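S.K.: Predicted coordinates and the sequence they were generated for:
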Amino acid sequence: MTTRHPPGSPGSAAVEFLRPRSLSQALAAKAELQDALPIAGGTDVMVEINFGKRRPAALLDLTGVRELRGWQRDGALLRVGSGVTYTRLEAELAGLLPGLAMAARTVGSPQIRNRGTIGGNLGAASPAGDCHPVLLAAGAAVEAGSVRGARLIPADAFFLGPKRSALADDELITAVLVPPAPGPQQFAKVGTRNAMVIAVCSFALELRPGAGVGTGIGSAGPTPLRARDAEDFLAAELAGSGLWESREPLPGAVARRFGELAAAAARPVDDVRGSAAYRRHALSVLARRALGWAWDSYRKEGHLCG
Amino acid sequence: MNRVEARDKVTGRARYAYEYPAHGVAYAYPVQAPVASGVVRSVDASAALAMPGVLAVLSCTDPPEIGSGDDPELAILQTTQVVYRGQLVAAVVASTLENARAAGRAVRVDCVARQHDVRLRADHPGLYTPEKVNPNFPAVTEYGDIAAGLAAAAARVDTTYTTPVEHNNPIEPHAALAVWDPGGGLTVFDSTQGPSADRDTIAKVLGLAPDRVRVVSPHVGGGFGSKGTTRPHAILAAIAARAAGRPVKVALTRQQMFELTGYRTPTIQRLQLGADARGRLTAVVHDVVEQTAIRTEFAEQAAVCTRAMYASPAMRTTHRLARLNVPPPSWMRAPGECPGMYALESAMDELAEAAGIDPVEFRIMNEPRTEPDSGLPFSSRNLVGCLREGARRFGWADRDPRPGIRREGRWLAGTGVAASTYPARRRPSRATAEASGDGFIVRIAAADIGTGARTALTRIAAETLGAPAARVRVEMGDSALPQASLAGGSMGTASWGSAVVKACEALLKNGSSGSADTAEDVRADAAFARHAFGAQFAEVLVDSATGEVRVPRLLGVFAAGRIVDETLARSQFIGGMTMGLGMALMERTGVDEWEGAFTGKDLAQYHVATCADIQDVDAVWIEEDDPHLNPVGAKGIGEIGITGTAAAIGNAVYHATGRRVRDLPITPARLLR
Amino acid sequence: MRVTLTVNGSQRTADDVWEGESLLFVLRERLALPGSKNACEQGECGSCTVLLDDVPVCACLVAAGQAAHRRVVTVEGLAPRGELGPVQQAFLEAGAVQCGFCTPGLIVQVHDLLRRTAGAGLPPPGDADIREALAGNLCRCTGYEKILDAVRLAASRLPVMP
């Protein structure tokens, strides 16, 4: 077996450790050494290195890049730097992006949430990544930076397959651009344990009063997915029946149908965490519940806009 | 009193096997077979040997010299025949751990694969009845007229329960440091539950006299049976150190532990029970199917507990094994009783319901006067007391037996009960006691794997000597100390305590020192059926739509002889119960039949209960003064806590939902299937 | 590469650090600080929890280079001059220690929980807060009850904030 960088030889200089101090340095480094592996919280990358599954040519440490570490308003959008940790999503964005804060809170343990970042979650592109369903539901876009310039990739075009994303080899995830929640957001997840679980399946929902609905499904397909039929169905029901204005209780049949359509959008497989049939069933429950909770809060809190 | 070594542990000063410094130390990394059955044709170490810091590559194609090949698991690298995936086939020795790991991954093992078989099934054509089951029980027992008993029953069940592969997963991964001295003596710092036995085994495998080997193991980060026997890593450390001419450390990774340090066999258990119209058992049949390895037989005694539990005019218990291409199963906390009581106590719940009798009362109705199978008198037996006390504390009296009717919002609520049991045995041990300055030193090659043995023995010695505990120092965890039995089988306190009491009594007579050997005492122990008993009560909530299970309450009531230290005991019971909760709801190692491999070999996929999975777990005990046990009066508490827990939870899940999941773990998918 | 960092208040330097190496490896293998335990290498058990610039993290998931020029506190640093810290004292008194392999990580994690609570002038954490905070520290021995006792005990001794 021969590779450009022989497996092992940790004592040799096969792996470089790059510590850019600015975004421009980071992008230049990534352009120069395209197989450099970006590392931020390390919660995915270090596991692969520790387990010997990966021996990258270089590690590109992004924790020293100040530009990636904050979030701020950017016109009508929020610009969340890729280096923002789950702990900060949970603590600082619970008002503006409640679904994202909820999802962040279900990630791993406090120690993991202190390190892991939204950019790292996206970069790993796992179908089970907890942020992904919310970003899909919220209509977020991923900002990919490179020395060639920045481009925006809609979240629903970002995930190409298990652990594969639309990111080019010379690009880094620099931020997520997402509108502040225009209405209630929800995130729900099923796991076999009460903490520290990879989702068996998960579901995110955003209500956009008077405007529509967003959804996201996790751990039930090769990539995170949107349930477009469910979105269209619910948007039509809410608009057609004047429910946005009346804030009447949601008919049970609507919630059920929404759940069925959400489950139908999934493309689950059997694995140790759960069977495909169970995932579909659980998704229909999660979607129905998420809708129930979101609609309740819309009714009670009189949400008009974020 | 506080745990003796707690200060060292809370400050990070306590040293575990891997952490001992050694001058010029090198590191060995195991290379494992990539097929489940086959022959190693070649081991290509050229790439590994060219890597920095690599000192040697050991391989099964060039077997290193050993002494005894009696235990095929420990006769490492002696054959090119592969009988399970993950079998040790080579190892790299290098100057640093990182170099060793990297080089280990660069070793190319070329295997000719053969057809493998890793799937345990009740109709496996190779099933056979072993001569004995662990540790030395008959595999089959039968008395009375089973057919007549079942035919005459007013209520009967014929039901099959299964348990999966479960791994001990102590938090400390197995590790060893081997240091040869110039005279050919060997010191092994090992993570072991028994320094004396570990020394004897290592010496035998290497062809050394036992007095040439010393095992040092003062602190062990949990074992739960997996460190009860010598494991291949210790032999590898010794052989690699000999090959490299330097001390060598071996630290198994979490993944490697899944194949190299034992696990609990999966079981398929068929229970046929009958009861007459008054609720008395008319027949009990417990047939167990388990797996073992190709070269090593381990026969888990899953049906043995049934022989001691309930009065019945007819009883049959059997064990059959299939030899599969799997790593050897081994001891995991309460081997036998843990899976066996899960199946028996689940089936008893089914029969109680079929008979229309409260499950607590049903068990009490079937209380035997002597041990059903042997006819021996019990040294003491307080199962009924535990059931009654538990029912009182838990609030069992008002329980509506109908399943699936208690709804709290989206949750279905239920409660369940099961009995616990574990044998109370002791083994010969030696100890010495010596007056030293204004205090005493007690020496015994016992092991504290987290149980609190060091603290319990300090208390026992202090009481015997009539001295404050602060003036007694117990030295343990070193095979150079007087020979002692294992920390296993819940026998530590009884076995070591017997020797410590005797040594201290000898000191009191002679004034300055005393020594003891309990071999004769143990041999002379009168014939009694000695068991601890308990009752476990569980309350569960099941999400009616997703099938997620929560356990808001667990209560265990135990009768385990004298409790030496309340704090230690409570934690041991609760720790066992919590592991039982994990067994009920989440613990499982996957088996990939196509690859012949265990899957999910890490703590992200092998789920053990976290702090957030527990809400209210309590353990209490009833006073039990049993004169037929040992000088300490203790029955042992390390294992009984895990027995019965999974059944209590499964029974509660049934009570909550009306669904009887008969395959562990009880996952949401299985509940909704 | 050379990595210089502050550990338990002292500046320490490790040479010949492999670039893919974890902070945990540096602490245990190069700086002779084996208090932080290595039990899963994937952030699932919490046994290697340390404070990195005052934030609890799994040292096994921090690349050594990421810790350069930063402050690390390990369990060894919580008992300066041999005096037990309040969390260590509570673990000892409550009987929250069994095999001890998860203990160092738990001590650091609880230390952080209580320090943050006291620093923010919040009331002592409730059981749900404690269980959530400790969800990433696996213990296979105790069943967690005595650990909860220890946290409650240590919390009850927190200085009362005005």
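M.R.: On my side now, so go ahead.

S.K.: Which residues are in contact with the residue in the stretch 301-450 of chain B positioned nearest to chain C?
M.R.: Taking Cβ to the nearest Cβ, chain C has its nearest neighbour within the stretch 301-450 of chain B at residue B:450, 2.7 Å off. All C-beta atoms are positioned from the backbone trio N, CA, C, and that covers glycine. When contacts are counted by Cβ atoms under 8 Å, 6 or more residues apart in numbering or on different chains, residue B:450 touches B:220-223, C:98-101, C:141.

S.K.: switch to 10 Å and redo it
M.R.: Under the criterion of Cβ atoms under 10 Å, 6 or more residues apart in numbering or on different chains, the contact partners of residue B:450 comprise B:3, B:9, B:170-172, B:219-224, B:487, B:571-572, B:575, B:638, C:97-103, C:139-142.

S.K.: Narrow those residues to those in helices?
M.R.: In helices, defined here by DSSP state H, the members of the contacts of residue B:450 are B:9, B:571-572, B:575, C:103.

S.K.: top of the residues you listed by neighbour count?
M.R.: The most neighbours of any of these, using other Cβ atoms under 10 Å in any protein chain shown, belong to residue C:103, which has 33 neighbours.

S.K.: Pull up the gap between that residue and residue C:111, please.
M.R.: Counting by Cβ to Cβ, to the nearest Å, the gap between residue C:103 and residue C:111 amounts to 12 Å.

S.K.: same deal with residue B:289?
M.R.: When distances are taken as Cβ to Cβ, residue B:289 and residue C:111 turn out to be 49 Å apart.

S.K.: Next up, phi/psi of the residue of the stretch 51-200 of chain A found nearest chain B, please.
M.R.: With Cβ to the nearest Cβ as the measure, the residue in the stretch 51-200 of chain A that lies nearest chain B is residue A:195; the distance is 3.8 Å. Note on residue A:195: its backbone torsions stand at phi -160, psi 170 [degrees, to the nearest 10].

S.K.: Let me know the distance separating it from chain C.
M.R.: Computed as Cβ to the nearest Cβ, to the nearest Å, the residue A:195 to chain C distance reads 3 Å.

S.K.: count of residues packed around residue A:95?
M.R.: Burial measure for residue A:95: 10 neighbouring residues, criterion other Cβ under 10 Å.

S.K.: same question, the one 4 residues further on
M.R.: If you count neighbours by other Cβ under 10 Å, residue A:99 ends up with 28.

S.K.: now residue B:431
M.R.: Residues contacting residue B:431 under the criterion other Cβ under 10 Å number 32.

S.K.: do residue C:86 as well
M.R.: Burial of residue C:86 is recorded as 18 neighbouring residues (other Cβ under 10 Å).

S.K.: And the one 10 residues further on, by the same measure?
M.R.: As a burial measure, residue C:96 scores 31 neighbours (other Cβ under 10 Å).

S.K.: Let me see the confidence value for it.
M.R.: Residue C:96 is assigned 98 on the pLDDT scale.

S.K.: That one and residue C:151 touch, don't they?
M.R.: Yes: using Cβ atoms under 10 Å, residue C:96 and residue C:151 qualify as a contacting pair, with a distance of 8.2 Å.

S.K.: rewinding a little: can you pull the residues that touch both of residue C:103 and residue C:111?
M.R.: Applying Cβ under 10 Å, 6+ apart, one finds that residue C:103 and residue C:111 are jointly contacted by C:75, C:88.

S.K.: ok so, going back, tabulate the ones in helices among the contacts of residue B:450 (a markdown table), appending distance to chain A and pLDDT.
M.R.: Rendered in a markdown table, the data for these read as follows (distance: Cβ to the nearest Cβ, whole Å; pLDDT from 0 to 100):
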| residue | distance to chain A | pLDDT |
| --- | --- | --- |
| B:9 | 20 | 98 |
| B:571 | 21 | 97 |
| B:572 | 23 | 97 |
| B:575 | 18 | 98 |
| C:103 | 16 | 98 |
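
S.K.: which SS state does whichever residue of the stretch 201-350 of chain B sits closest to chain A fall under?
M.R.: Using Cβ to the nearest Cβ, the point where the stretch 201-350 of chain B gets nearest to chain A is residue B:255, with a distance of 7.4 Å. When states are read from DSSP: H, G, I helix; E, B strand; the rest coil, the local structure at residue B:255 comes out as helix.

S.K.: Just give me the neighbour total for it.
M.R.: When neighbours are defined as other Cβ under 10 Å, residue B:255 has 19 of them.

S.K.: From residue B:596, how far off is it?
M.R.: Shown here: residue B:255 relative to residue B:596, a distance of 16 Å by Cβ to Cβ.

S.K.: just residue B:158 next, same as before
M.R.: Taken as Cβ to Cβ, the spacing of residue B:158 relative to residue B:596 amounts to 33 Å.

S.K.: Ok, residue B:126 next?
M.R.: Relative to residue B:596, residue B:126 is positioned 16 Å away (Cβ to Cβ).

S.K.: so how many other residues sit close to the residue of chain B found nearest chain A?
M.R.: Per Cβ to the nearest Cβ, residue B:102 is where chain B lies closest to chain A, at 2.9 Å. Burial measure for residue B:102: 30 neighbouring residues, criterion other Cβ under 10 Å.

S.K.: more crowded one of residue B:126 and residue B:596?
M.R.: With other Cβ under 10 Å as the criterion, residue B:126 and residue B:596 differ in neighbour count, and residue B:596 comes out ahead with 23 against 10.

S.K.: Surely that one touches residue B:116?
M.R.: Yes: counting by Cβ under 10 Å, residue B:596 does reach residue B:116; the two are 4.1 Å apart.

S.K.: Give the helix, strand or coil label for the residue of the stretch 301-450 of chain B closest to chain C.
M.R.: Following three-state DSSP, the label given to residue B:450 is coil.

S.K.: List the single closest residue to it in space, sequence neighbours excluded.
M.R.: residue C:99 (2.7 Å; Cβ to Cβ, 6 or more residues apart in numbering or on different chains).

S.K.: now swap in residue B:368 and tell me
M.R.: With sequence-adjacent residues excluded and distances taken as Cβ to Cβ, 6+ apart, residue B:368 is closest to residue B:311, at 3.7 Å.

S.K.: check contacts around that neighbour.
M.R.: The contact partners of residue B:311, by Cβ under 10 Å, 6+ apart, come to B:280-281, B:284, B:365-372.

S.K.: List only buried entries from these.
M.R.: In the contacts of residue B:311, burial by neighbour count holds for B:280-281, B:284, B:365-366, B:368, B:371-372, counting by 16 or more other Cβ atoms under 10 Å in any protein chain shown.

S.K.: how close does residue C:157 sit to residue C:130?
M.R.: As defined by Cβ to Cβ, residue C:157 lies at a distance of 15 Å from residue C:130.

S.K.: right, and residue B:432 touches residue B:443 too?
M.R.: Yes: between residue B:432 and residue B:443 a contact is recorded at 4.8 Å, counting by Cβ under 10 Å.
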